[in-house]
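Student: A predicted structure for the sequence below; I have some questions about it.
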Amino acid sequence: MAGRSESELKDITLLGNQGTKYLFEYTPDVLETFDNKHANRDYFVKFNCPEFTSLCPMTGQPDFATIYISYIPDVKMVESKSLKLYLFSFRNHGDFHEDCMNIIMNDLIELMDPRYIEVWGKFTPRGGISIDPYTNYGKPGTKYEKMAEHRLMNHDLYPEKVDNR
C-alpha cells in the first residue's frame with residue numbers, strides 16, 4: 001500500500017494535534033511543509049479560504065475576505081492546517097488588503113519555493129467598494145515566469161464562477 005512513512009511526516013506537528021493554539025498575531029513560523037511525491041509533474045494545488053480577517057491599519061476595523069491560493073509545487077508543499085492557522089494569525093494584523101496578499105505570497109514562496117503561485121483576495125465591500133488584489137509569481141528563468149506574466153496580463157478579476165459572496 002502506498003502512503004507516507006512516519007519519517008516523512010515527522011515535521012507535521014499541527015495536523016491531528018488536539019492542543020492547537022490559535023495565534024492572534026501575524027505568525028509565519030506556524031507554516032509547515034511536506035515533500036511533494038509528484039515533483040516530476042506539473043499540477044495545481046488550490047485553497048479557498050473563506051474566513052480571512054485582518055484589520056484596517058487606519059481605523060482598526062476588521063476586514064473580511066475569501067483568499068484563493070493556487071500553486072504548482074516543486075519539492076515542498078504547504079500543510080493545510082498550518083496554512084489555516086497562519087491565515088488566522090492575520091486576525092489582529094493591521095495592513096492594507098494589497099499588502100496582506102503580497103505578504104501571504106512572499107511567505108509561501110519563502111516556505112515552499114513553488115514553481116508558480118498566485119494569491120487572490122476577494123474582500124467584502126466596505127463603504128460601497130470592494131478591493132480584490134491579485135498577485136502571482138513564477139520561478140525566474142523558467143516557463144513559470146512566462147506563465148506568471150501571461151496570467152497577470154490576462155487575469156479576469158471578476159469571474160462569476162469564483163465569486164462566492
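Tutor: Perfect, I can see it now.
Student: can you list the residues that contact the helix or strand containing residue 104?
Tutor: Using DSSP states H and E, residue 104 falls within helix 97-112. Helix 97-112 is touched from outside by 26, 28, 31, 33, 54, 63, 65, 67, 69, 71, 73-78, 86-87, 90, 93, 95, 114, 117-121, 123, 131, 133-137, with contacts defined as CB atoms under 8 Å, 6 or more residues apart in numbering. Heads up, the C-betas are built off the backbone N, CA and C, glycines and all.
Student: And for stretch 25-45?
Tutor: 4, 8-9, 11-14, 23, 70-79, 82-83, 85-86, 89-90, 92-93, 103, 107-108, 110-112, 115.
Student: 7 Å instead?
Tutor: The contact list for stretch 25-45, computed with CB atoms under 7 Å, 6 or more residues apart in numbering, reads 8, 11-14, 23, 70-79, 82-83, 85-86, 89-90, 92-93, 107, 111-112, 115.
Student: One more: stretch 143-157?
Tutor: With contact meaning CB under 7 Å, 6+ apart, stretch 143-157 is reached by 72, 115, 116, 118, 132, 134, 136, 137, 138, 139.
Student: in that stretch, what's buried?
Tutor: By 16 or more other CB atoms under 10 Å, the buried positions in stretch 143-157 come out as 144, 147, 148.
Student: per-residue confidence for the last one?
Tutor: Yep, that's residue 148 we're talking about. Reading off the confidence values, residue 148 has pLDDT 91.
Student: Give me the next element, helix or strand, following the helix or strand harbouring residue 53.
Tutor: Residue 53 is located in strand 45-55, with elements delineated by DSSP H and E. Using DSSP H and E, the next helix or strand after strand 45-55 towards the C-terminus is strand 62-72.
Student: Tell me which other helices or strands the next helix-or-strand element following that next one touches.
Tutor: Where DSSP H and E defines the elements, the next helix or strand beyond strand 62-72 is strand 76-78. Using 3 or more CB pairs under 7 Å, 6 or more residues apart in numbering; DSSP states H and E as the contact test, the elements touching strand 76-78 are strand 33-35, helix 97-112.
Student: can I get these in a markdown table with distance to residue 42, mean pLDDT and mean neighbour count?
Tutor: Below are the helices and strands packed on strand 76-78 laid out as a markdown table (distance: least, CB to CB, whole Å; pLDDT from 0 to 100; neighbours: other CB atoms under 10 Å):
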| stretch | distance to residue 42 | mean pLDDT | mean neighbour count |
| --- | --- | --- | --- |
| strand 33-35 | 17 | 96 | 17 |
| helix 97-112 | 15 | 98 | 18 |
